[in-house]
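Chemist: here's my sequence, what's the structure:
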Amino acid sequence: MSNNAHISVLKGLAVSGGLAEGPAFIYRGEGDLQIPEYKIPEGGEDGERLRLERAIAAVRRDLENLIAALRERSSGEDVKVFECHLMMMEDEVFTGEMAALVGKERINAESAVRRTVDAVRARFSQMNDPYFRERVRDLDDVERRIQRQLSGRGRDPAIELNEPSIIVADDLTPSETVQLPQSRVLGFVTDGGSVTSHVALLARSLGIPAVAALGDITSRVSAGDKILLDGGAGTVAVDPDPVTLADFRERARKLRESSALPKSAMTPGILADGSKIGIFVNAHAGMPTDAIAKSRADGIGLYRSEYLWIGREMEPSEDEQFAAYRAAVKLVENLGRGSSVTIRTLDIGGDKTMLGGGPKEANPFLGNRSIRYLLSRRDTMLTQLKAILRASAFGNVRIMHPMISCVEELEAAAEVLEEAKKNLASRGVAFDHDVKVGAMIEVPSAALIAEDLAEHCDFFSIGTNDLVQYTMAADRGNDAVAYLYQPLNLAIVKLVAMTIEAAKKKGLHVTVCGESASNPVEGALWAALGVDALSMSPNYVPVLSATLARLSRRDLDEYAKVPFSLPVGSSAAEISSACRKWLEAKAPGVLEAMP
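Modeler: Predicted coordinates for the structure are as follows:
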């Protein structure tokens, strides 16, 4: 019998849209690893290092076999995750530090593994970017594999799932997730996790509803309890009454009917009247490429170059960077004529740090980050710009500078770009002499002087993640002030509208590349306010396209008025609710189908 007599509806984080009904399957994992720590006898270092090397080699073999098996049945998301795990195991700095600790401190292999992983885990955990915080789960997974080999237990045990069920877990490592018989998984609900957790990524790639960050659902639900899961709303109902169940099933029926949209044949960004909103994808080195190819997007609207720096002791060379940027250009060649790649120059600092990246700052989010860091490290900026320019010889490449706050920064960046061009020209290296250069609008000062900035660049890209953070003076990674992360606060809406108006006066193209671009309510609003394009994770392209396909330009003109039509003093929640109601009336069903 259920122990949840007083539970009605639990609210968590919506990470993968859709509706699911089924019995709860509780999975609590193996708990914390118990790691022995002891001194090895003097002279026993070589033997202990050999034991470590054998365990690492065994993990590599297991990962290689797993990757080969996944390629036979996976869309690519899981393959890429475990390829990253294999890269960790092949990283001589990472595994070398383990071996070094064995010799230097004469500690056992298990303890050396734990200390090494803890050091990397601490760096990732300090980063406010949810993506990097979630990579801690990858480290946990890699460590578990090594420790199991050292203990003689070998591979992780399989998870048996005998009937279609909703998985209820504290959280799941990538290895635990991939073992699940996916045909029997109706949905995921977890105590922890985020929109960038492995469970969330897998759920979105498979179209499985999921809700995360429920706190303690594993202790409040019993195996077999009936669960109604609403991934779009982020809610979970347990043992529902007949009326709630009937209402849910009616919503599910309507969702099935509305989801019969011809998404596979749909050209992304085409409105109901045939006009077009550009749809681009956000990308970085090492991410799955098949999702980008399948998106049929207009190109890469945000290439996050910082992924080439993070976790490294040494900066990537010009040739290393060129190879990565050239690969991105090659990737978009198959997306169609005119497809482009917009490469953001190094956006480091704040919550994204490099190993040995310089002295710690008291307030890194307001410190020497992004364009400020680059301008203080002219050699780094020059090397990157030369690599980007070299890639521009092979396709439509654009350069975008992050966190611009004043005209002087664009002027200084232009000087370094000119130096890079002269350097390549003197070497006889081909590049696009007319490469387009843009500014990211991420801080209020940039929005307020957008018309002035427009005189010094070719396009704008609005980064709503930081724009919200800096406008609301609220760290988006701090749970205590998470309620202030309000993309539809009227202050944000006005800053976006102001930026668009300034760009239009000067004839500049405007894109929104922050997380809000992928949300149908917010993304459609930015389109209504006049942005030319939206850039998002590839998995969100179908739902955004389905949303826009239901709307005409006249509809968007009407939608643009909604935030400004409410009573003075309306809250962000009230604006969001009004926008959501308007969109649900115009495009019923699309919000419930959100990934």
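Chemist: report how many residues lie close to Ile146.
Modeler: Under the neighbour criterion other Cβ atoms under 10 Å, Ile146 is assigned a count of 23. In short, each C-beta sits where N, CA and C put it, glycine included.
Chemist: do Arg144 as well
Modeler: 19.
Chemist: assign it to helix, strand or coil.
Modeler: What DSSP: H, G, I helix; E, B strand; the rest coil gives for Arg144 is helix.
Chemist: looking at the chain, which helix or strand is least sure?
Modeler: helix 174-179 (a mean of 65; mean pLDDT, DSSP states H and E).
Chemist: which SSE is immediately downstream of that helix?
Modeler: Using DSSP states H and E, the helix or strand that follows helix 174-179 in sequence is strand 185-190.
Chemist: that next one pairs with which strands, parallel or anti?
Modeler: Strand 185-190 pairs in its sheet with strand 165-169 (parallel), strand 210-212 (parallel), by DSSP bridges.
Chemist: looking at these, which is buried most?
Modeler: With neighbours taken as mean count of other Cβ atoms under 10 Å, these reach their highest mean count in strand 210-212, at a mean of 29.
Chemist: and the average pLDDT for that one is what?
Modeler: Confidence for strand 210-212, expressed as mean pLDDT, is 89.
Chemist: contact partners of that strand?
Modeler: Applying Cβ atoms under 8 Å, 6 or more residues apart in numbering, the contact partners of strand 210-212 are 12-16, 187-190, 192-195, 197, 199-200, 203-204, 229-231, 234-236.
Chemist: and it, how far out from the chain middle?
Modeler: Taking Cα atoms, centre = their mean, to the nearest Å, one finds strand 210-212 lying 16 Å from the centre of the chain it belongs to.
Chemist: so that it lines up with my notes, have the first residue be 17 from now on.
Modeler: All right, first residue 17 from here; so that's strand 226-228.
Chemist: and the next helix or strand past that strand?
Modeler: Remark: after strand 226-228, the chain's next helix or strand is helix 233-236, criterion DSSP H and E.
Chemist: gap between that next one and the chain center?
Modeler: Centroid separation for helix 233-236 versus its chain: 27 Å, with Cα atoms, centre = their mean.
Chemist: ditto for stretch 288-306
Modeler: Counting by Cα atoms, centre = their mean, stretch 288-306 is centred 14 Å from the centre of its parent chain.
Chemist: narrow the contacts of strand 226-228 to those in strands?
Modeler: Here DSSP state E is the test, and the contacts of strand 226-228 give Leu29, Ala30, Val31, Ser32, Gly203, Phe204, Val205, Thr206, Leu245, Asp246, Thr251, Val252 as lying in strands.
Chemist: what's the closest of these to Val453?
Modeler: Val31 (35.5 Å; Cβ to Cβ).
Chemist: pLDDT score for that closest one?
Modeler: Reading off the model, Val31 has pLDDT 80.
Chemist: out of everything not next to it in sequence, what's closest to it?
Modeler: Ala216 (3.9 Å; Cβ to Cβ, 6 or more residues apart in numbering).
Chemist: quick check: end-to-end length of stretch 216-229?
Modeler: 11 Å (Cα to Cα, to the nearest Å).
Chemist: for Ala71, which non-adjacent residue is closest in space?
Modeler: Gln165 (3.8 Å).
Chemist: pLDDT score for the one you found?
Modeler: If you check Gln165, the pLDDT there is 86.
Chemist: got it, and Ser213?
Modeler: On the pLDDT scale, Ser213 gets 66.
Chemist: please report the distance of the residue nearest to Val31 from Ala226.
Modeler: 6 Å (Cβ to Cβ, to the nearest Å).
Chemist: ok, Asp491 next?
Modeler: Distance of Asp491 to Ala226, given as Cβ to Cβ: 26 Å.
Chemist: equivalent analysis for Ile516, please.
Modeler: Here Ile516 is placed at a distance of 34 Å from Ala226 (Cβ to Cβ).
Chemist: now do Val497
Modeler: Per Cβ to Cβ, Val497 is found 25 Å from Ala226.
Chemist: Asn481 too?
Modeler: 22 Å.
Chemist: could you do Ile182 as well?
Modeler: Applying Cβ to Cβ, the value for Ile182 to Ala226 is 9 Å.
Chemist: overlap of the contact sets of the two?
Modeler: Residues within reach of Ile182 and of Ala226 at once, by Cβ under 8 Å, 6+ apart, are Gly203, Phe204, Val205, Leu245.
Chemist: biggest separation within the residues you listed, which pair?
Modeler: Phe204 and Leu245 (8.3 Å).
Chemist: overlap of the contact sets of those two?
Modeler: Contacts common to Phe204 and Leu245, judged by Cβ under 8 Å, 6+ apart, are Ile182, Pro225, Ala226, Val227.
Chemist: mind checking pLDDT for Pro278?
Modeler: Per-residue pLDDT puts Pro278 at 46.
Chemist: ok, of the ones in strands among the contacts of strand 226-228, which come out buried?
Modeler: With burial judged by 16 or more other Cβ atoms under 10 Å, the buried subset of the ones in strands among the contacts of strand 226-228 is Leu29, Ala30, Val31, Ser32, Gly203, Phe204, Val205, Thr206, Leu245, Asp246, Thr251, Val252.
Chemist: what's the distance between the third one and Ala219?
Modeler: Okay, so that is Val31. 7 Å.
Chemist: overlap in contacts of these two?
Modeler: In contact with both Val31 and Ala219: Ala226, Gly247, using Cβ under 8 Å, 6+ apart.
Chemist: skip the chain neighbours and tell me the closest residue to Arg312.
Modeler: Pro284 (5.6 Å).
Chemist: ok, longest strand in the chain?
Modeler: Longest strand in the chain, counting by DSSP E: strand 35-43.
Chemist: dump it to PDB, keeping only the CA atoms.
Modeler: Extracted in PDB, the C-alpha atoms of strand 35-43 (Å, rounded to 0.1, in the frame of the first residue of the first chain):
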ATOM      1  CA  LEU A  35       2.400  13.100 -20.600                       C
ATOM      2  CA  ALA A  36       2.900   9.600 -19.200                       C
ATOM      3  CA  GLU A  37       0.800   7.300 -17.000                       C
ATOM      4  CA  GLY A  38       2.200   4.100 -15.400                       C
ATOM      5  CA  PRO A  39       3.400   2.300 -12.200                       C
ATOM      6  CA  ALA A  40       6.400   3.500 -10.300                       C
ATOM      7  CA  PHE A  41       9.600   1.600 -10.500                       C
ATOM      8  CA  ILE A  42      11.900   2.700  -7.600                       C
ATOM      9  CA  TYR A  43      15.600   2.700  -8.300                       C
END
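Chemist: now for the next helix or strand along the chain from that strand, which elements pack on it?
Modeler: Moving toward the C-terminus from strand 35-43, the next helix or strand (DSSP H and E) is helix 61-89. On a contact count with 3 or more Cβ pairs under 8 Å, 6 or more residues apart in numbering; DSSP states H and E, helix 61-89 meets helix 93-106, helix 108-121, helix 125-141, helix 146-167.
Chemist: report the inter-axis angle for helix 61-89 versus helix 93-106.
Modeler: Interaxial angle of helix 61-89 relative to helix 93-106 (axes from the mean of the first three to the mean of the last three Cα atoms, to 10 degrees): 160 degrees.
Chemist: which parts of helix 61-89 are buried?
Modeler: Using 16+ other Cβ under 10 Å as the test for burial, helix 61-89 gives 61, 64-65, 67-68, 71-72, 74-76, 78-79, 82-83, 86.
Chemist: again with stretch 109-121
Modeler: Buried residues in stretch 109-121 (16+ other Cβ under 10 Å): Phe110, Thr111, Glu113, Met114, Ala115, Leu117, Val118.
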